[in-house]
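Asks: Everything below, folded, please.
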Amino acid sequence: MGKRSVPRYPEEEDSGGCCGCLCWCCCFLFFIIAALAGTGAYLFYAYKPKPPSYSVNNMAVSQFEFSSSDLTLYTKLVASVRAENPNDMIGIKYAEGSRTVVSYRGTPLCSGHLPTFFQGHKNVTVMEIAMEGRHGFGSGLQGALEESEKSGNVPLDIFVSVPVELQLGTFNLRQIKVNVHCALVVDSLSPKKKPTIKSATYQGNVEF
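Replies: Now for the predicted structure:
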């Protein structure tokens, strides 16, 4: 009998081709990741980004009226917020959709929003933020507020949430949201007396 030829299995050749294709794809993905990491490192080195800082400088209360008939408090005030962009090559665009809220012991007093504007390099801008609101304010909170007024230590929480875009030269990055919480202590909230800021602490985070 003649020699029988050993059959070939195309499946094995295809398997080797698939492994080669997978290896090539992994190498390509690695180079893409490395290129993105290199670009990010270059931008960080070239632009040296620094976080902006915010502080509440002044506050003016025009109305602070408690209604005993429906247990609500009507508040109207203006807060001066100082925003500093310390970057030499990065601009900050404050977009629409911001919100500011002032609360006392977890109860909102008034709310407003920041203006939309572009803040250039090494720039300091003072924003006058008008806030207004009528909210439920029980007798227990009213009594606590009166005691705070007598002691000259009224704790307030100011929450700021604002969407911003960073501009690197002529290139705009994707929009992010900056959240700032300011724990403030003032001596009074009476419209008859300009409040004095006794202490302030700030916390912030960014939502991508």
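
Asks: Can you list the residue ranges for helices in this protein?
Replies: Along the chain, the stretches classed as helices by DSSP state H are 10-47, 139-151.

Asks: which residue is nearest the middle of this protein?
Replies: Note on the chain: the residue nearest the mean C-alpha position is Val178, at 1.2 Å, using C-alpha atoms, centre = their mean.

Asks: so that one touches Phe208, yeah?
Replies: No. The criterion here is C-beta atoms under 8 Å, and Val178 misses it with Phe208 at 10.8 Å. Every residue, glycine included, has its C-beta placed from N, CA and C.

Asks: circling back to that earlier point, by mean pLDDT, show me the worst of the helices of the chain.
Replies: When the helices of the chain are compared by mean pLDDT, helix 10-47 comes last with a mean of 52.

Asks: Okay, and the beta partners of the residue nearest to the centre of the chain?
Replies: Val162, Val206 (DSSP bridges).

Asks: can you pull the contacts of it?
Replies: Applying C-beta atoms under 8 Å, 6 or more residues apart in numbering to Val178 gives the contacts Pro52, Val160, Ser161, Val162, Pro163, Val164, Gly204, Asn205, Val206.

Asks: where's the nearest residue to Leu71 once chain neighbours are set aside relative to Asp70, distance?
Replies: Nearest residue to Leu71, sequence neighbours excluded (C-beta to C-beta, 6 or more residues apart in numbering): Gly138, at 5.7 Å. Counting by C-beta to C-beta, to the nearest Å, the gap from Gly138 to Asp70 is 11 Å.

Asks: and what of Cys110?
Replies: Taking C-beta to C-beta, one finds Cys110 at 17 Å from Asp70.

Asks: If you count surrounding residues, which of the two has more?
Replies: Shown here are Cys110 and Asp70; by other C-beta atoms under 10 Å, Cys110 has more neighbours (23 against 8).

Asks: Please verify my assumption that the more buried one contacts Lys76.
Replies: Yes. If you go by C-beta under 8 Å, Cys110 and Lys76 touch, sitting 6.7 Å apart.

Asks: Domain-wise, how is the chain divided?
Replies: Here the domain parsing of the chain from automatic domain parsing is 11-47, 53-207.

Asks: mean pLDDT lowest for which of the ones you listed?
Replies: Minimum mean pLDDT among these: domain 11-47, a mean of 52.

Asks: Check the offset of stretch 51-59 from the chain's centre.
Replies: 13 Å (C-alpha atoms, centre = their mean, to the nearest Å).

Asks: Which positions within it qualify as buried?
Replies: By 16 or more other C-beta atoms under 10 Å, the buried positions in stretch 51-59 come out as Pro52, Tyr54, Val56, Met59.

Asks: Now do that stretch: everything it contacts.
Replies: With C-beta under 8 Å, 6+ apart as the test, stretch 51-59 has contacts from 77-86, 92, 119, 126, 158, 160, 178, 180, 182, 184, 186, 194-195, 197, 200, 202, 204.

Asks: Please apply the same query to stretch 123-132.
Replies: Contacts of stretch 123-132 (C-beta under 8 Å, 6+ apart): 57, 75-85, 100-102, 110-115, 117, 119.

Asks: Repeat that for stretch 190-205.
Replies: 51, 54-64, 149, 152-154, 178-189.
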